[in-house]
Structure formats: C-alpha cells, structure tokens
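A.B. asks: Task: produce atomic coordinates for the following.
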Amino acid sequence: MAKLNFNTELNDQQIRAVKTIEGPVLIIAGAGSGKTRVITYRIAHMLETGIPQSAILALTFTNKAAREMETRVKELTGKKLQNLTVSTFHAFGVRILREEIERLGYRKNFSIYDETDRTSAIKESLRECRLSTEGVDLYALGQLFSNVKIGRLTWGDGANDAYEPVYKEYQHSLKTYNALDFDDLLTLPIELFEQYPEALTRYRSRYRYIMVDEFQDTSFTQYRLMRLLSDRNVCVVGDDDQSIYSWRGASYENIVNFEKDFPGVTEIKLEQNYRSTSTILEAANGVISNNTNRKEKNLWSGNKGGKPVELFYPRNESEEADFIAATIKKIMIRERLKYDDFGVLLRTNSMTRSIEEAFLAENIPYRVSGGTSFFGRKEVKDVLSYLRLIANTSDDVNLLRIINTPRRGIGKNSIAALMEIAKKNHSTLWDAMEKLRYKADTLFQEAAKGKGELDGFMQLIETYREEMLGKRGLSAKTRALVESIDYWSYLVTEYSKNDKIAKWKFLNIESLIQSMETWEKDPDNFDPTLYAYLNRISLITRDDGDDEAGKGKVNLMTIHASKGLEFPVVFIAGAEEGIIPHERNMDEEEERRLFYVAITRARDKLFITSCLQRRRLQNTVECAPSPFLAEIPPHLIEYHEPDKAVESPEETENYFALIKSKFED
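C.D. replies: Numbering: from 1, shown residues only. Coordinates of the predicted model:
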C-alpha cells in the first residue's frame, strides 16, 4: 500500500494518537475533533507496521459506524481486509458464542430472540408460573429481566421479587429452546471466559490490539467484556463530556475504571475542533466547564470568529415554531442552503407537534428522527382515520384501521367475510356493509354475525358525516367524536398497568384537537372544513422519494438522536427550566452534557429558543429560561429581534429562484 502521509492529513495530537500503539491508550476526543479519522488512520498505521489484520479488534456501537470504519480503512490501505475484525459489541459476542457456546450447554445452531420473541417467551413463562398475563406491562417486565441479567439490579435488592420465579422460568425456557436474548450476547461470553480460562487465553492471544470507539457510551457489561479480552495493547476513544446514555446503562465512569485497571495509561487529548466556529465552541466550553466530574479540555477551532449565538424568547410554542420555520426560509434564500442543512433539536419527541404544524403551513419538508412524528403516533392516526373515513367512506385502509378501535365486538371472521363480499362484488368494504343491511342470503351469513355492531359503527360514521361535511366547528365536533367512541376508556384498558401512558396518549389527542382549533381560527383560513384540513394533514406524510433537486428535508430530532451528526444551522428549541434540564432527570451534569452535545452539532450558526409560556396538560404555564443559558458567555449572545422583509435585489432574485425550483420537474 502507499505510505500514509500523516503530516498533511493530521494535526500533532492526532499523529501522536495514531502512532501510539503499544500499551494502554486513552484518547479523549472532543466534539468534532476528527475521532473517526484518527481511529481509521491508527488501524491503517498498525497494518503498515506489520501487525496482521487478524490481531486487530475494533469495537463500536452501531453497524453503520462499523461499516464506515472498515470502508475508510480499505480506502487508506487499498487492502481487502478479510481478516480485520471491525464489529459492534453484540455482533462480536455472537462470533464468540458460535465458536464456544457448547461449553455452556447450548448447541451451536442457537436462535437469537428479537423483542417480539422475548415478549412471547415472557408471556409463556408467566403462564407456566400460573400467573395471568392480563394487565402485565410486558415491556417493563422485559426491562426488569434485562437489568437483572446484566447486573444493574439483583433480586431482593431493588428488583421486584414477585417476578423472580418467572425470570427463572424464562431463563429455563431459553435454554430449552436453544435461544438467546440480546443481553445474552454480552453476558454469556463473560460467563464463558470466567469459567473457561483457556478459551479466554486463546482469544487474548488472537486479538493482541483492541480499540473501542465511543467509550463513554459503554455499559458496565461491555466494559467487563473488554477488560477480560484486553491484555496491554488496548486503546479506548471517547469524550466524557458527551456521555448522555445513563438511562440505558452507559457510564462515563468507565474512563475512571480504565485508568485504574490499566496502570501506565497514555492519555492523549484531541481538542482541535474541525466542525464549528470559535464562537460556538466558546459557548459550548462555557457551559460544560460547570461540570465537575470531567476531564479538563478546551475545544478550539481554526475557524475563528463566527456569527453570535442568537437567543429568542417567544411568547409560546406556536410563536417559537413560526420563528423556526420563518428563519429557515429566510436563511435558505439569503445563503442558498438546502433544507437538510438545518437541524432542529428538542429535549423530548413529545415537543414536535407545533413545529411540525409550522413546517406544514410553510410547506417545509422534514423528517423526524429519534422517535415517531406527532402525526404518526397511533392515537393520533386513529382519530385521523375516523375523520378520513367520515370524509370518504370508500377508504378501505382507514376503515380497517378503526372498525374495531376501540373494540366494538366486530370479530375477525366478520371482517374477513366482509372483505370476501367486497372482493366478489368488486366493491368497497363500506358498500359490502351497505349490502349486508338489506340482504341476508348465505353469502352474508358469516358477516351477519356482527351485523348489529356493524350497524352501530355505520350509524356513527353517518351521523358525523352529516355533522362535519361542509360545515364549521370541526375541532368541537372531533372532540365530541372522541367522546362518542369513548377513546379514553379504550386507552385505560390497553394500558391498565400504566395510566401515565394512557394519559400521555390522550393528551396527544387533545393536542391534535387544539391545533385543529388554532387552524380554524386563523383569520387567513378561508376554508376551515374537514376536506381542507385532511388535505393539509396529508402533506405531512407525503413521500418525497429522492428529495428532488437536492433540497432534502429539515432534520427534526431529539438531542439524543443528533449525537454524531452536524448541521450548518442548528435550532435548540424549548431551552426552559424543567425541559433542559429535564425535571425527571436528577443528574444535572448529564443534562448539561446533553445541552453541550446540542450546541456542538452546529457548524456555522446556532439559534436557541426559550418560551415565556408553554401549554402543559390542559393548562398554560409560565416558563423560566434554562439555567444553562446563563452559562453561555454573554458577549457571544445576540437577542433576536423581528427581522425585516427580504428587500435587496439579490435576495429578491434568490427568492424567485427558490420558488421557481419548486415548480420544476
């Protein structure tokens, strides 16, 4: 392969990190400091010095990261790399178990249970223990079993002891069916190495050089596995300031454990940021410096200066959303950016609704990452399906979605018979139900078993068709519809063991109706009818295919989902006390790290919004700004004032060019 040219591609600290390959190495890689570049160059350098591919093990967290790492090493070395192991922790666990699992009493052809399989196995274990599955939150029970298995909880010390027999039955059933769950892919290799030292010795001699990416995100279980495998030549790369996953078992304290378990660690700090302006980095440093449990570092950038951080205090979430939408359009025109150059970051996915509404009103395409779009949530889709069927009784898809939601005693056999009738008559399901009202021959015998319930369903739809079509007061009538079908009781029954989920889902429906009410009252809305509303909502779920003309979509996501990404322009919405930091997370330092991650996603421009009021539950509450805002050095902040209209000839020309592009194929 061609000799690697470090001097033109890497800075001094990066070169040091690449060339230090013997002994334990801790690389503290600040946000945007070229971490992936360092890892790939380090692997390429090891190969260049004669270390065989088979002796190198690189562990990361996602298949995407593993593929990217391997691709970039191939590009640097020009080699095929058949013997290099770049893998996620779990995939590496599978590799070990495929070779060694017979030692633990399993057969080599074991199955790996996904979430659905695991839930079924837990249900069966409850039945075997003569316990009812009715009303049991199977997801929560699965989380309990997971925490026990990985050692975060123990029976008699924080775990719900009533389920210990069920857990033992679940474990027994896994062994009986020669199956593993996701946690087993880490815990069983640890068990194997602790019981069979000769197997561990073989793996240690095979993988003499180990690297771990995103080390701050490792759980205690992953750390134990790495600790067992590692002899001396182990390199971990991470940033304690970006440790934001404690809720799923990650611990930034593994960095402290690493220094304790591997004496003589070489520590290398990567502090030059290649992503952001010095203004954004100074703001980020100002915030994160208030954490005490961290490695001291100071990110800096060769990209001197930069636009100030713009802070805006809108009256409420509607004004906040309008500001974000309008600003995106303004910047696109003035700076000729694409939609996917913008990132809008939120603390929780439940905050997307008002922003989605504003994007919809302004015809701004977007995608939601890190959760489901507000309009894609089941309870919201259920209500919209009723409205769509009321508007168009020929809509079989939406009819099938809500014919038995909430449950009204229309069985699967009746629905199957109706579908057969519709198929034979080349008609819609609604037409099939109409025929059933007046015909009673043998063809309709099966469907007729649910005739009374079907009649009731049809009368409901017909009543609201008469009430809603072409008339005003849509939001009030939708609220009445939700009450008529008693959707609240349906949610209470579905989530009988967790009324908080039922309440949250019902509040989403209330939020939908409130947004409908706001739309109706808009003085510029001259057609507040059901058809107009549904046409408007339909735009939100349209598929733009390949994002024509390269415009892409605005990235609307949680801060957690934004980690590892970057955007020229970033909006952090809802920077208020109780949201950032979140009232449910008692760890203020982790919440500050989360805010730091959000800030460092921005390359060129950062906007932060903090509402004076926000609607919570049924009430409008006064909001206080996030205390983290006071930690940004004041000289970096510019307070937003309403912007003047597009006026210059160049801006006008850009504006018309943008409009023209929307009509070009």
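
A.B. asks: going forward, measure contacts and count neighbours with C-alpha atoms only.
C.D. replies: OK.

A.B. asks: biggest strand in this structure, by residue count?
C.D. replies: strand 602-609 (DSSP state E).

A.B. asks: Now do the buried residues in it.
C.D. replies: Buried residues in strand 602-609, counted by 16 or more other CA atoms under 10 Å: 602-609.

A.B. asks: Indicate each strand paired with that strand and its parallel or antiparallel sense.
C.D. replies: Using DSSP bridges, the strands paired with strand 602-609 are strand 309-312 (parallel), strand 567-572 (parallel).

A.B. asks: What are the buried residues along the helix or strand following that strand?
C.D. replies: Going down the chain from strand 602-609, the next helix or strand is strand 613-616, by DSSP states H and E. Buried residues in strand 613-616, counted by 16+ other CA under 10 Å: 613-614.

A.B. asks: what is the mean pLDDT for strand 613-616?
C.D. replies: The pLDDT scores in strand 613-616 average 86.

A.B. asks: what do you get for stretch 561-576?
C.D. replies: On average, stretch 561-576 scores 95.

A.B. asks: Let's have the strands paired with strand 602-609 in TSV, adding distance to Leu512 and mean neighbour count.
C.D. replies: Converted to TSV, those look like this (distance: least, CA to CA, whole Å; neighbours: other CA atoms under 10 Å):
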stretch	distance to Leu512	mean neighbour count
strand 309-312	26	20
strand 567-572	23	22
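
A.B. asks: burial count for Arg42?
C.D. replies: Residues lying near Arg42 (other CA atoms under 10 Å) number 22.

A.B. asks: avg pLDDT for the helix or strand hosting it?
C.D. replies: Using DSSP H and E, Arg42 falls within helix 35-48. If you average the pLDDT over helix 35-48, you get 93.

A.B. asks: what's the next secondary structure element after that helix?
C.D. replies: Of the helices and strands lying after helix 35-48 in sequence (DSSP H and E), the nearest is strand 56-60.

A.B. asks: now for that next one, which elements pack on it?
C.D. replies: Where contact means 3 or more CA pairs under 8 Å, 6 or more residues apart in numbering; DSSP states H and E, strand 56-60 is packed against strand 85-88, strand 209-212.

A.B. asks: can you give me the strands for the stretch 351-500 of the chain?
C.D. replies: Counting by DSSP state E, counting those that start in this stretch, one finds strands in the stretch 351-500 of the chain at the ranges 366-369.

A.B. asks: Just read off the phi/psi values of the nearest residue to Arg615 once chain neighbours are set aside.
C.D. replies: Sequence neighbours aside, Val621 is the residue nearest to Arg615 in space, at 6.1 Å (criterion: CA to CA, 6 or more residues apart in numbering). With angles defined as degrees, to the nearest 10, Val621 sits at phi -120, psi 150.

A.B. asks: Val621 and Arg614 touch, don't they?
C.D. replies: Yes - Val621 is within contact range of Arg614, at 5.6 Å (criterion: CA atoms under 8 Å).

A.B. asks: Distance of Ser475 relative to Glu517?
C.D. replies: From Ser475 over to Glu517 the distance is 5 Å, taken as CA to CA, to the nearest Å.

A.B. asks: So for the two, which residue has more residues nearby?
C.D. replies: The neighbour count for Ser475 versus Glu517, taken as other CA under 10 Å, is higher for Ser475 (22 against 16).

A.B. asks: right, and the more buried one touches Lys521 too?
C.D. replies: No - counting by CA under 8 Å, Ser475 does not reach Lys521; the two are 10.3 Å apart.

A.B. asks: follow-up on the earlier one: can you tell me which of the buried residues of strand 602-609 is closest to Glu310?
C.D. replies: Glu310 lies nearest to Phe607 out of those, by CA to CA, at 4.8 Å.

A.B. asks: check contacts around that closest one.
C.D. replies: 309-312, 569-572 (CA atoms under 8 Å, 6 or more residues apart in numbering).

A.B. asks: want to throw the residues you listed into TSV with distance to Arg42?
C.D. replies: TSV is the format used below for the contacts of Phe607 (distance: CA to CA, whole Å):
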residue	distance to Arg42
Val309	36
Glu310	39
Leu311	41
Phe312	44
Val569	32
Val570	32
Phe571	35
Ile572	35
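
A.B. asks: Could you report the neighbour count for the residue nearest to Arg615?
C.D. replies: 13.

A.B. asks: likewise Asn298?
C.D. replies: Asn298 is flanked by 18 other residues according to other CA under 10 Å.

A.B. asks: again, but for Gly452
C.D. replies: Count around Gly452 with other CA under 10 Å applied: 12.

A.B. asks: next one: the one 4 residues further on
C.D. replies: With neighbours defined by other CA under 10 Å, the count for Gly456 comes to 12.

A.B. asks: And it, what's its pLDDT?
C.D. replies: pLDDT, Gly456: 89.

A.B. asks: what's the answer for Thr218, then?
C.D. replies: At Thr218, the pLDDT value in this model is 91.

A.B. asks: Could you find the closest non-adjacent residue to it?
C.D. replies: Distances taken as CA to CA, 6+ apart put Ala250 closest to Thr218, at 5.1 Å, once the chain neighbours are dropped.

A.B. asks: Which stretches in the stretch 251-400 of the chain count as helices?
C.D. replies: Listed in chain order, the helices of the stretch 251-400 of the chain (DSSP state H, counting those that start in this stretch) span 254-261, 278-288, 317-335, 353-361, 378-391, 396-402.

A.B. asks: And the ones you listed: which comes nearest Ile537?
C.D. replies: Per CA to CA, nearest to Ile537 of the helices of the stretch 251-400 of the chain: helix 353-361, 7.8 Å.

A.B. asks: Averaged pLDDT, the closest one. What do you get?
C.D. replies: Helix 353-361 carries an average pLDDT of 87.

A.B. asks: Repeat that for stretch 375-383.
C.D. replies: 88.

A.B. asks: again with stretch 534-542
C.D. replies: Averaging pLDDT along stretch 534-542 gives 62.

A.B. asks: Repeat that for stretch 107-117.
C.D. replies: The pLDDT scores in stretch 107-117 average 80.

A.B. asks: Determine the number of other residues adjacent to Glu194.
C.D. replies: Neighbour number of Glu194 under other CA under 10 Å is 13.

A.B. asks: beta partners of the residue nearest to Thr218?
C.D. replies: According to DSSP bridges, the partner residues bridging Ala250 are Ser219.
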